[in-house]
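Participant: Any chance you could fold what I've pasted below:
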Amino acid sequence: MKLQNYSRAETLSAHNFDCCQIYVGTLTNLRGEMLKGITVEWVGSGSIEAHLPLKPADALKFVEFLESVIKGDVPNKHTVKPYNRKLLNYLLALHLKFKKVEDGVASYRISFATYTMWGKIKLSSLNSCSNNIRKLYEIA
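Facilitator: Numbers count the residues shown, from 1 in each chain. Here you go, the predicted structure:
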């Protein structure tokens, strides 16, 4: 099921979030414009992908959120909203809520459109994801 008119162009990195896969890289739209962002692919569905182009400021907020969870600031929640989507921004937003951290593993809930899943992720994977988003946007 395709909800957007974006596709993944180049993938800088892929991160397993237990119940979904998050790809960090560039996206293209129907006009062929290159945008930076993330793609979320839901486990078990294989055909449901959310392409989220992010402004640099929004990418920095997402990175700061991930880093706060790594430091142990839980419970904590964040919404990643894509840009250039106008009325679909809320529907196509990615909602993350981290509940607790134990033994280097964080438990969380992730929602997109009408899909909600629960999972666990190693803090080292969160760190890798935040570092690659920084690298993509070259955020100091």
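
Participant: close enough to count as contact, Lys55 and Val80?
Facilitator: No. Between Lys55 and Val80 there is no contact under Cβ atoms under 8 Å: 11.0 Å. Every residue, glycine included, has its C-beta placed from N, CA and C.

Participant: Could you identify the helix or strand that succeeds the worst-scoring helix or strand of the chain on mean pLDDT?
Facilitator: Ranked by mean pLDDT, DSSP states H and E, the weakest helix or strand in the chain is strand 49-53, scoring a mean of 87. Where DSSP states H and E defines the elements, the next helix or strand beyond strand 49-53 is helix 56-70.

Participant: who's in contact with Val43?
Facilitator: Asp18, Cys19, Cys20, Gln21, Met117 (Cβ atoms under 8 Å, 6 or more residues apart in numbering).

Participant: For the fourth one, give me phi and psi.
Facilitator: By that I understand Gln21. In terms of degrees, to the nearest 10, the main-chain angles of Gln21 are phi -110, psi 130.

Participant: Now for Thr28, how many residues are close by?
Facilitator: 17 (other Cβ atoms under 10 Å).

Participant: now swap in Asn29 and tell me
Facilitator: Asn29: 16 neighbours (other Cβ under 10 Å).

Participant: same question, Glu138
Facilitator: If you count neighbours by other Cβ under 10 Å, Glu138 ends up with 8.

Participant: Tell me the secondary structure at Val74.
Facilitator: When classified by DSSP: H, G, I helix; E, B strand; the rest coil, Val74 comes out as coil.
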